[in-house]
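[1] Let's see this in three dimensions:
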Amino acid sequence: MMRVFALVVLALAITVGVNAQSPGDKEAVRQAGLDYIESVYEMDASRVERSVHPELVKRGFFIKRGEANYSAASMTFAQLVELSKNYNKNGRIPKDAPKEVIIYDVSDQTASAKVIASWGIDYLHLAKYDGRWKIINILWQTHPPKQ
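    As a prediction, this is how the structure comes out:
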């Protein structure tokens, strides 16, 4: 019985070791999230190109001025690149704007994270492509209305 238990523990340890991320993966996921936020803040499209996959699917919800209900919106990679070039052109994002990256999970090939930025809350799905972490899906919303 003890022998079976030892084999099960060994098998689990091997499985966990195979699926674990490298030490740098968590930091690379965090950096992809920061690149995404800072590309817009700093109007640096190269950071979108570095951190976001060209097949990005970004969907989200925002409340239009004067309205009470959320409206849906979607964005492609190309649209995000263009947005990052101009969004802060008039300096509307303050220097102390939020740029928080919360990592939920990092596996060997996929990861999930949340970013909090001036425009709202984004949930990111990332995948490793050719050894680099890229954001492939984003679900976002503007900050909830203050009650």
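
[2] Tell me how far the closest residue to residue 36 other than its chain neighbours lies from residue 88.
    Nearest-residue entry for residue 36: residue 51, 5.3 Å, with adjacent residues in sequence omitted and distances by CB to CB, 6 or more residues apart in numbering. No exception for glycine: its C-beta is placed from N, CA and C like everyone else's. Remark: distance between residue 51 and residue 88 (CB to CB, to the nearest Å) = 17 Å.

[3] Between the two, point out the one with more neighbours.
    Using other CB atoms under 10 Å as the criterion, residue 51 and residue 88 rank with residue 51 on top: 24 against 17.

[4] chain center to the lengthiest strand in the chain, what's the gap?
    Longest strand of the chain, by residue count under DSSP state E: strand 52-63. The chain centre lies 10 Å from the centre of strand 52-63; the measure is CA atoms, centre = their mean, to the nearest Å.

[5] what are the pairing partners of it, and which direction each?
    Next to strand 52-63 in the sheet, as set by DSSP bridges, lie strand 70-75 (antiparallel), strand 132-141 (parallel).

[6] will you turn the ones you listed into JSON lines that also has mean pLDDT, mean neighbour count and distance to residue 83?
    What follows is those, written out as JSON lines (pLDDT from 0 to 100; neighbours: other CB atoms under 10 Å; distance: least, CB to CB, whole Å):
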{"stretch": "strand 70-75", "mean pLDDT": "97", "mean neighbour count": "12", "distance to residue 83": "7"}
{"stretch": "strand 132-141", "mean pLDDT": "98", "mean neighbour count": "19", "distance to residue 83": "12"}
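
[7] backbone phi and psi for residue 87, please?
    Torsion angles at residue 87 (phi, psi; degrees, to the nearest 10) stand at phi -60, psi -40.

[8] got the contact list for it?
    40, 43, 93 (CB atoms under 8 Å, 6 or more residues apart in numbering).
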